[in-house]
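Asker: model this:
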Amino acid sequence: MVTTAAIATEIVAGINTTCTISGPQVTCWGSNAHGALGDGSAVSDSTLPVMVSNVSGATKLALGNADACALTPSGLWCWGWNSTGQLGNGEMTDTPVATPIAVPLTFVTDVAAGGTHTCALRQDGSIWCWGAGNDGQLGRGDQASSAVPRLVIGPCS
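Answerer: Residues are numbered from 1 along each chain as shown. Sure, this is the predicted structure:
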């Protein structure tokens, strides 16, 4: 039997998790390690899409190793694994529900996630990154990690 799914406008695949925007909702399925599905639990994987808590009207998605972010009209919301601060909420504890990240990330137009870091592009062209910095991936000229967004230094800022 074939079932009908909502029409998706965006899909992203992480290592063991997939998320999509369908109508006003974000849904994810696959591994729920560290709360990667964003449904409030951190224990059960899901072979079917589950709705991400606290997120509505998303326009962009990004998936890292076991973390995700959604760009909405009210800002950037992230959830899941947070061992290096890749959720940008100032903490380093896993969060199984979407939480807003810290200012100065207003007017964000795009978001991208690596294994354990995340970056956002603002309307003014500035790039802000957070999470693991051990290989210099935060663009700050050092190898420091950051649990809050920091401006990339250099030609792109």
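
Asker: rest of the way, CA atoms for contacts and neighbours
Answerer: Will do.

Asker: for the spatially most central residue of the chain, name its beta-bridge partners.
Answerer: In the chain, the residue lying closest to the centroid (C-alpha atoms, centre = their mean) is C69, at 1.9 Å. For C69, the beta-bridge partners under DSSP bridges are A62, C78.

Asker: just A113 next, same as before
Answerer: Following DSSP bridges, A113 is listed with bridge partners T118.

Asker: which residues touch it?
Answerer: Taking C-alpha atoms under 8 Å, 6 or more residues apart in numbering, we find A113 in contact with 62-64, 68-69, 119.

Asker: pLDDT and distance to D135 added to the residues you listed, as TSV?
Answerer: Formatted as TSV, those follow (pLDDT from 0 to 100; distance: C-alpha to C-alpha, whole Å):
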residue	pLDDT	distance to D135
A62	97	20
L63	96	19
G64	95	16
A68	97	21
C69	96	22
C119	96	15
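
Asker: and the residue nearest to the centre of the chain, what does it touch?
Answerer: By C-alpha under 8 Å, 6+ apart, the residues touching C69 are 61-63, 76-79, 87, 98, 111, 113.

Asker: do that again at 7 Å, thanks
Answerer: Contact analysis of C69 by C-alpha atoms under 7 Å, 6 or more residues apart in numbering lists 61-63, 76-79.

Asker: pull the most distant pair out of these.
Answerer: Farthest pair in those (C-alpha to C-alpha) is L63 and L76. Separation: 13.1 Å.

Asker: got a list of contacts for stretch 84-95?
Answerer: With C-alpha under 7 Å, 6+ apart as the contact definition, stretch 84-95 has outside contacts at 34-35, 78-83, 101-102, 116-118, 130-132, 145-149.

Asker: what mean pLDDT would you report for that stretch?
Answerer: Stretch 84-95 carries an average pLDDT of 94.
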